[in-house]
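Student: Below are the sequence and a predicted model; questions follow.
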Amino acid sequence: MIRFDHISKKYPGTSRPALNDVDFEILRGEFIFLVGASGSGKSSCLRLMLKEDKPSKGKIHVLGHDLGSISNRKVPYFRRSLGVVFQDFRLLPSKTVYQNVAFTLQVIGKSRGFVQEAVPDVLKMVGLDGKAQRLPHELSGGEQQRVAIARAIVNKPQILLADEPTGNLDPATSAGIMQLLERINAGGTTVVMATHEAGFVDQMQRRVIELQDGQIVRDERHGGYGTTAAIPGLVRGSSKAAGPSAQTAPATASTPVTPAVETSSVPVTTTTSSVAASSEPTTSAVAAAAVAATAATPTAPVEPTAPAAVLRETPPQADTDEVVTRVSSSTPIQEPAAAPVAEPETPATRAEESTPEAPEAEPTTPKAEPAVPPAAAVPEVAPPQRLSNATGPIGLPARNEIDPIEVEHLSLAERLGLRAAARGTEDGEQNVGPTK
Ligand SMILES: Nc1ncnc2c1ncn2[C@@H]1O[C@H](COP(=O)(O)OP(=O)(O)OP(=O)(O)O)[C@@H](O)[C@H]1O
């Protein structure tokens, strides 16, 4: 599903590569923790998966696409199969919860009817029903992150990339977000999460890929956070960081682990309701955001209302060399209609690619999608114990403390988290996120 084939990445003006011969394969349905000290290359990996950046060496395959040869025109369609969540939420501050989520669908040309069904469903799924008309600043940090997650998954991505999604949240709130990510993963979405949260990594015992100075030093099927992943000031997890599974082992791309969909398959039934958008983005705003959302590069052609999304009516097919693990559902949830299929081997995608200007198939009824177990069916993820708050998330500014004027200076795309925010912090460090 995601393959890094001897990837090296050297940023211009730097002497050392950010990634050095990184080689791994992630299978459908896995939940992967990317760990490593600050600067070890986690976000660079996520950016490369999104095709936000190009490797200096090596090949990357995501969902059957060779990202080195995928045309700029196709990148927007490719990206629709990926959802992204950031540490700092990146919500549109003047839009309601509903509008923030709806916007993602509107810019890719989904019909009003589709949006009116999909958004309430996904808000319910993330535990935000009843809060659709709130503005982001009227929500807690955890709720804002739930909006961001709803926005990331509303189009049913096959892969969810999360860059420090709990980095700004307190331990209890973080635990709720982790449970939500587990549920999303249990529904069949592959989750790749970069994190410093040792406690969750230790507790969940999912596959851990550890980077050190741009190299993989560990790829463990049921790993803990490990010792080498930590920089003292950044470890925000439990003192279990050096857990029993924390031994360092060289990564071997040739021995991929099997998908780790291990949580309960008990489905949840979400109901469909209609919540009309209280206001819709202007045409120009939609068009501008569509440019951001769909442009592979600034020069890529953009057709905001002509996406060639082909609805997926069946679970996505496995890459030929993969084992598919989908959570079966005896009572499938009524989820929003499926995401566009980006895998070229599927007939749907062939149709899409051969007729990119074709109008999107109008969804009539939401399709039954892989189940997302209710929170109660997923093993509890207890909040990790913090070693220190000094550098932990508790001291970090919540999104609603961010100066709206600063936000105004971001492009629409940056505010949506859809494109790189080419700004760094004062000390030269970049902000979080694969599109930072
Ligand atoms: N745009 C860039 N230009 C130059 N160097 C960069 C750029 N982006 C990242 N780097 C460098 O690449 C290395 C890896 O950075 P990356 O952001 O991937 O690390 P990280 O593991 O995600 O760190 P953190 O945990 O702090 O987010 C660092 O040395 C960083 O300074």
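Tutor: Received the coordinates, thanks.
Student: What helices and strands are in contact with the longest helix seen in the chain?
Tutor: The helix that spans the most residues within the chain, counting by DSSP state H, is helix 171-186. If contacts are counted by 3 or more Cβ pairs under 8 Å, 6 or more residues apart in numbering; DSSP states H and E, helix 171-186 sits against strand 31-36, helix 141-153, strand 159-163, strand 190-194, helix 198-204. Every C-beta, even on glycine, is put in place using the N, C-alpha and C of the backbone.
Student: Columns mean neighbour count, mean pLDDT and distance to F24 on top of these, output as TSV?
Tutor: Formatted as TSV, the helices and strands packed on helix 171-186 follow (neighbours: other Cβ atoms under 10 Å; pLDDT from 0 to 100; distance: least, Cβ to Cβ, whole Å):
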stretch	mean neighbour count	mean pLDDT	distance to F24
strand 31-36	27	96	9
helix 141-153	26	97	22
strand 159-163	26	97	14
strand 190-194	26	98	11
helix 198-204	27	92	17
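Student: May I see these organised as JSON lines, with distance to the ligand added?
Tutor: Converted to JSON lines, the helices and strands packed on helix 171-186 look like this (distance: least, Cβ to the nearest ligand atom, whole Å):
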{"stretch": "strand 31-36", "distance to the ligand": "5"}
{"stretch": "helix 141-153", "distance to the ligand": "17"}
{"stretch": "strand 159-163", "distance to the ligand": "7"}
{"stretch": "strand 190-194", "distance to the ligand": "6"}
{"stretch": "helix 198-204", "distance to the ligand": "13"}
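Student: Which among the ones you listed is found nearest to G176?
Tutor: helix 141-153 (5.9 Å; Cβ to Cβ).
Student: Also compute the angle for that closest one relative to helix 171-186, please.
Tutor: Relative orientation of helix 141-153 and helix 171-186, computed by axes from the mean of the first three to the mean of the last three Cα atoms, to 10 degrees: 20 degrees.
Student: Which of the helices or strands spans L48?
Tutor: Secondary structure assignment for L48, by DSSP states H and E: helix 42-49.
Student: C-alpha coordinates for the longest helix of the chain, CSV please?
Tutor: The C-alpha coordinates for helix 171-186 follow below in CSV (Å, rounded to 0.1, in the frame of the first residue of the first chain):
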residue,chain,number,x,y,z
PRO,A,171,-3.4,13.1,28.3
ALA,A,172,-7.0,12.3,28.7
THR,A,173,-8.1,14.1,25.6
SER,A,174,-5.2,12.4,23.7
ALA,A,175,-6.5,9.0,24.8
GLY,A,176,-9.9,9.8,23.2
ILE,A,177,-8.2,10.8,20.0
MET,A,178,-6.2,7.6,20.0
GLN,A,179,-9.3,5.6,20.5
LEU,A,180,-10.8,7.4,17.6
LEU,A,181,-7.8,6.6,15.4
GLU,A,182,-8.0,3.0,16.4
ARG,A,183,-11.7,2.9,15.4
ILE,A,184,-10.9,4.4,12.1
ASN,A,185,-8.1,1.9,11.6
ALA,A,186,-10.5,-0.9,12.7
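Student: Strands along this structure, start to end?
Tutor: Secondary structure of the chain (DSSP state E): strands located at 2-9, 19-26, 31-36, 57-62, 65-66, 82-86, 159-163, 190-194, 207-212, 215-220, 333-334, 368-369.
Student: quick check, the second one touching the ligand?
Tutor: No - contact check for strand 19-26 against the ligand, using Cβ under 6 Å from any ligand atom: none in range, with a minimum separation of 7.5 Å.
Student: partner strands of that strand, parallel or antiparallel?
Tutor: strand 2-9 (antiparallel) (DSSP bridges).
Student: Buried by neighbour count: which residues of the partner strand qualify?
Tutor: 2-5, 7-9 (16 or more other Cβ atoms under 10 Å).
Student: got the angle between it and strand 31-36?
Tutor: 10 degrees.
Student: Now do strand 2-9, average pLDDT.
Tutor: Mean pLDDT, computed over strand 2-9, is 98.
Student: G214 and the ligand, how far apart?
Tutor: As judged by Cβ to the nearest ligand atom, to the nearest Å, G214 and the ligand stand 7 Å apart.
Student: repeat for V62
Tutor: Note on V62: its distance to the ligand, by Cβ to the nearest ligand atom, is 17 Å.
Student: same question, Q99
Tutor: Taking Cβ to the nearest ligand atom, one finds Q99 at 29 Å from the ligand.
Student: Check T14 too.
Tutor: In terms of Cβ to the nearest ligand atom, T14 sits 5 Å off from the ligand.
Student: Same list (the helices and strands packed on helix 171-186) but as CSV, adding distance to F78.
Tutor: Output for these, formatted as CSV (distance: least, Cβ to Cβ, whole Å):
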stretch, distance to F78
strand 31-36, 19
helix 141-153, 15
strand 159-163, 11
strand 190-194, 15
helix 198-204, 29
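Student: Wait, M1 touches M49, no?
Tutor: No - the criterion here is Cβ atoms under 8 Å, and M1 misses it with M49 at 10.2 Å.
Student: which residues are common contacts for those two?
Tutor: Residues touching both M1 and M49 (Cβ atoms under 8 Å, 6 or more residues apart in numbering): 62, 159.
Student: Point out the residues in this protein that sit beside the ligand.
Tutor: Residues of the chain lying near the ligand (Cβ under 6 Å from any ligand atom): 11, 14, 18, 36, 38-44, 430, 432.
Student: Only whichever of the residues you listed are buried, select them in PyMOL.
Tutor: Of the residues of the chain next to the ligand, the buried ones can be selected in PyMOL as follows, counting by 16+ other Cβ under 10 Å:
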select buried, resi 18+36+39+40+41+42+43+44+432
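Student: ok, the residues of the chain next to the ligand vs V208, which is closest?
Tutor: The closest of these to V208 turns out to be G36 (Cβ to Cβ; 9.9 Å).
Student: tell me the contacts of the closest one?
Tutor: The contact partners of G36, taken as Cβ under 8 Å, 6+ apart, are 42, 210-212, 229.
Student: residues near the residue nearest to it when sequence neighbours are not counted, how many?
Tutor: Leaving out its chain neighbours, the residue that sits closest to G36 by Cβ to Cβ, 6 or more residues apart in numbering is L211, at 3.6 Å. L211: 27 surrounding residues under other Cβ atoms under 10 Å.
Student: Contact partners for L211?
Tutor: So, once contact is read as Cβ under 8 Å, 6+ apart, L211 ends up touching 19, 22, 34-36, 40-42, 45, 217.
Student: per-residue confidence at the nearest residue to Q158 once chain neighbours are set aside?
Tutor: Spatial nearest neighbour of Q158, excluding adjacent residues (Cβ to Cβ, 6+ apart): S81 at 4.8 Å. On pLDDT, S81 comes in at 93.
Student: now swap in E352 and tell me
Tutor: 36.
Student: my read: L105 touches A118, true?
Tutor: Yes - counting by Cβ under 8 Å, A118 is a contact partner of L105 at 6.3 Å.
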